[in-house]
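# How does the following fold in three dimensions:
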Amino acid sequence: MTKLHTCRYNMDTNRVEARFEDGTTLAIDCIAVEDEYGNIPAQRAELDWLLYNKPLEYAQMVLRGEMAHYLSLGCDHGRLED
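Got it, this is the predicted structure:
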C-alpha cells in the first residue's frame, strides 16, 4: 500500500473507509478496534471522538499499531495537535 490519501467514517457500517494514493481502499471495523482497545468508558469515548473528528488520524494510528500508546497517554483530544 502507498500513502494514505483520504478517510471518512461511515456511520451506516461503523467503519472508517480509507483510500490510498494508488487507489487501494480499506475499511477498518470500528467495533473490533473498540473491543481491542476500549477497555474503559473514557477510552471508548476517545475512540468515538476520533472517529467523528479525526478519521484520518484514527486510521493512521490503527494501521501503525499506535492506538494502545495513544490511549495510554490519558485520552486527551488535544494530544494529536502536539
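# make it CA atoms for all contacts and neighbour counts henceforth
Fine.
# Show the low-confidence segments of the protein, by residue range.
Applying pLDDT under 70 to the chain flags the ranges 1, 75-82.
# Quick check: what element follows the helix or strand containing Leu47 along the chain?
Using DSSP states H and E, Leu47 sits in helix 41-53. For helix 41-53, the succeeding helix or strand toward the C-terminus, using DSSP H and E, is helix 55-64.
# Now do that next one: which elements does it pack against?
Secondary structure elements in contact with helix 55-64, counted by 3 or more CA pairs under 8 Å, 6 or more residues apart in numbering; DSSP states H and E, are strand 4-10, strand 15-20, helix 41-53.
# Work out the sheet partners of the shortest one and label each with its direction, please.
To tie it back to what came earlier, the one meant is strand 15-20. Strand partners for strand 15-20, identified by DSSP bridges, are recorded as strand 4-10 (antiparallel), strand 25-29 (antiparallel).
# Against which helices or strands is whichever helix or strand comes after the shortest one packed?
In this case it means strand 25-29. Per DSSP H and E, strand 25-29 leads on to helix 30-37 as the next helix or strand towards the C-terminus. Using 3+ CA pairs under 8 Å, 6+ apart as the contact criterion, the neighbours of helix 30-37 among helices and strands are helix 41-53, helix 67-72.
# For the ones you listed, please prepare CSV with the additional fields distance to His5 and mean neighbour count.
As requested, those are exported to CSV (distance: least, CA to CA, whole Å; neighbours: other CA atoms under 10 Å):
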stretch, distance to His5, mean neighbour count
helix 41-53, 16, 17
helix 67-72, 19, 15
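# The ones you listed into TSV, with extra columns for distance to Thr2?
Supplementary listing: these in TSV, determined by distance: least, CA to CA, whole Å:
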stretch	distance to Thr2
helix 41-53	22
helix 67-72	20
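# Three-state assignment for Asp22, please.
Secondary structure of Asp22, reduced to three states by DSSP: H, G, I helix; E, B strand; the rest coil: coil.
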